[in-house]
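Visitor: Predicted model and sequence below, questions to follow.
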Amino acid sequence: MKIVLRVDGNEKTFTEDNPVGIVFRKALELNKKIREGVDLAKAETYDEFVDFLVFAFGNKFTSEEVWYGLSIPQIQTESTRIFNEVLSLGGLVTQPNDDEVGNEEGK
């Protein structure tokens, strides 16, 4: 997995080549919440997605670095991309939304 964040004014690439199983479990828990319906108008919803990104990459960066390191549209697209990648690594096939098709990795 790869994500590019702007840290201290520079783009920094973070990778996680071998995420551990607990990351998949956390993705399943978040997936359950999504399927039950989440309020996309609540900051707490996005906090959960951002916290998942941090966890998925083994705490190589902070949630604050994500909030300051991604543009507004990237917050949702990158968290969704990484979330779907983790579920696919675990053997689940995920269906992208129309909005997600065509996003470049890390952009």
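Guide: Good, I have the coordinates.
Visitor: rest of the way, CA atoms for contacts and neighbours
Guide: Fine.
Visitor: Which residue is the nearest non-sequential neighbour of Asp39?
Guide: Thr45 (6.7 Å; Cα to Cα, 6 or more residues apart in numbering).
Visitor: host element of the most centrally placed residue in the chain?
Guide: What sits nearest the mean C-alpha location of the chain, by Cα atoms, centre = their mean, is Ser79, with 2.5 Å. Take DSSP states H and E as the rule and Ser79 turns out to sit in helix 72-89.
Visitor: average pLDDT across that helix?
Guide: Throughout helix 72-89, pLDDT has a mean value of 90.
Visitor: So for that helix, what gets flagged as buried?
Guide: For helix 72-89, the neighbour count (16 or more other Cα atoms under 10 Å) marks 74-75, 77-87 as buried.
Visitor: go on, stretch 22-37?
Guide: 23-24, 26-28, 30.
Visitor: Can I get that stretch as PDB, trimmed to CA atoms?
Guide: Taking C-alpha atoms only, stretch 22-37 is exported to PDB below (Å, rounded to 0.1, in the frame of the first residue of the first chain):
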ATOM      1  CA  ILE A  22      -5.500  -6.800  12.600                       C
ATOM      2  CA  VAL A  23      -5.600  -4.200   9.900                       C
ATOM      3  CA  PHE A  24      -8.000  -6.400   7.900                       C
ATOM      4  CA  ARG A  25     -10.100  -6.900  11.100                       C
ATOM      5  CA  LYS A  26     -10.300  -3.200  11.600                       C
ATOM      6  CA  ALA A  27     -11.400  -2.800   8.000                       C
ATOM      7  CA  LEU A  28     -14.100  -5.300   8.500                       C
ATOM      8  CA  GLU A  29     -15.400  -3.500  11.600                       C
ATOM      9  CA  LEU A  30     -15.400  -0.200   9.700                       C
ATOM     10  CA  ASN A  31     -17.100  -1.900   6.800                       C
ATOM     11  CA  LYS A  32     -19.900  -3.100   9.100                       C
ATOM     12  CA  LYS A  33     -20.400   0.500  10.300                       C
ATOM     13  CA  ILE A  34     -20.500   1.800   6.700                       C
ATOM     14  CA  ARG A  35     -23.100  -0.800   5.700                       C
ATOM     15  CA  GLU A  36     -25.200   0.100   8.700                       C
ATOM     16  CA  GLY A  37     -25.200   3.700   7.500                       C
END
